[in-house]
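Asker: sequence-free structure coming up:
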């Protein structure tokens, strides 16, 4: 029987995590524009080598934006990988960057919604999602308002989890495990807004199947339950790289009306509506590499059928091209 995993950064089982953290630290030593450029270059490289993730991004965009042509979607796939690579640099800057990071241009709209709730003494949950600039946006937001964040523990990556927690708490009030319900409720009661993201695939008892981009999505009911227990107001909070690529924009929306209700399924669907609206505003910057629709009702077809296929990552016309070459070889027409 295996013992508990060591959280020592020098333990051989953690060398990969330690190396990754060291790489992030070195990236954070660069001028921030250089770091971003390096990240985007990494994203371009990942597009060419990360076949399974490339397939997932393509498939998600195909399901969520069926109105786009194949070539339009492929442009979005490439752009999404650039933003993903940029996101690695933004993690580095968010966790380990110096004081110069705090001077990166960032416009915040909607702070009056947050202040209004504080003046009324009402706890606030900030509904958000996984966009590529999540870590840097959190740090920049922390200069203007208090915020605690909920995170998913990484049991198999203790060194990385510790770095993440410390990095976030350098600029934010607190990082709280999603399993620490009492801690979350205490934080809400203290008047500190809590950041919450419910946009990941879930396979637990509290899941419900509700629409997202016209697809069936296994969705958590955690948000309405927390809002009810904490008697909290739910405000949308989303962030993205600006159109010039040289700064960030963060927007806090007005409170979601009549939320939570007495119907958890309806509340989960309403949450997905808010998330979908935010994603549609900046679709190329969303974390499409996640298999959001992986869990489906029993008997439903697999949304990602080629995930273990030898053809994964190829485009339809690339498959046809290979078949054509094989036919030519068989007939003696090609070399």
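Answerer: Noted; the coordinates are in hand. Here the structure is a predicted model, which means the values were calculated and not measured.

Asker: tell me where the stretch 151-300 of the chain has strands.
Answerer: Using DSSP state E, counting those that start in this stretch, the strands of the stretch 151-300 of the chain run over 174-177, 194-197, 207-212, 215-220, 233-241, 248-252.

Asker: mind checking which of those strands is nearest residue 41?
Answerer: strand 233-241 (16.0 Å; CB to CB). No exception for glycine: its C-beta is placed from N, CA and C like everyone else's.

Asker: which strands and helices sit next to the closest one?
Answerer: Contacts defined by 3 or more CB pairs under 8 Å, 6 or more residues apart in numbering; DSSP states H and E place strand 233-241 against helix 111-120, strand 124-128, helix 134-141, helix 222-230, strand 248-252, helix 264-281.

Asker: could you check the angle strand 124-128 makes with the third one?
Answerer: Relative orientation of helix 134-141 with respect to strand 124-128: 140 degrees, computed using axes from the mean of the first three to the mean of the last three CA atoms, to 10 degrees.

Asker: including mean neighbour count, distance to residue 299 and mean pLDDT, could the strands of the stretch 151-300 of the chain go into a markdown table?
Answerer: Converted to a markdown table, these look like this (neighbours: other CB atoms under 10 Å; distance: least, CB to CB, whole Å; pLDDT from 0 to 100):
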| stretch | mean neighbour count | distance to residue 299 | mean pLDDT |
| --- | --- | --- | --- |
| strand 174-177 | 18 | 34 | 94 |
| strand 194-197 | 23 | 29 | 96 |
| strand 207-212 | 18 | 12 | 95 |
| strand 215-220 | 21 | 12 | 96 |
| strand 233-241 | 23 | 34 | 97 |
| strand 248-252 | 20 | 40 | 98 |
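
Asker: could you dump the ones you listed into JSON lines and include distance to residue 54?
Answerer: Listed next are the strands of the stretch 151-300 of the chain as JSON lines, based on distance: least, CB to CB, whole Å:
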{"stretch": "strand 174-177", "distance to residue 54": "31"}
{"stretch": "strand 194-197", "distance to residue 54": "24"}
{"stretch": "strand 207-212", "distance to residue 54": "22"}
{"stretch": "strand 215-220", "distance to residue 54": "20"}
{"stretch": "strand 233-241", "distance to residue 54": "21"}
{"stretch": "strand 248-252", "distance to residue 54": "26"}
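
Asker: give me the mean pLDDT for the longest helix along the chain.
Answerer: If you go by DSSP state H, the chain has its longest helix at helix 70-96. For helix 70-96, the mean per-residue pLDDT is 97.

Asker: now the angle from that helix to strand 248-252?
Answerer: Relative orientation of helix 70-96 and strand 248-252, computed by the same axes, to 10 degrees: 90 degrees.

Asker: heading C-terminal from helix 70-96, find the next helix or strand.
Answerer: Per DSSP states H and E, the first helix or strand lying C-terminal to helix 70-96 is strand 106-109.

Asker: any weak-confidence spans in the protein?
Answerer: Where the chain drops to pLDDT under 70, the residues are 1-5, 308-335.

Asker: repeat the analysis, applying 50 as the threshold.
Answerer: For the chain, the stretches with pLDDT under 50 are 1, 3, 313, 315-335.

Asker: leaving out chain neighbours, which residue sits closest to the residue nearest to the spatial centre of it?
Answerer: Geometric centre of the chain, nearest residue: residue 130, 2.1 Å, by CA atoms, centre = their mean. Distances taken as CB to CB, 6 or more residues apart in numbering place residue 287 nearest to residue 130, at 4.1 Å, with adjacent residues excluded.
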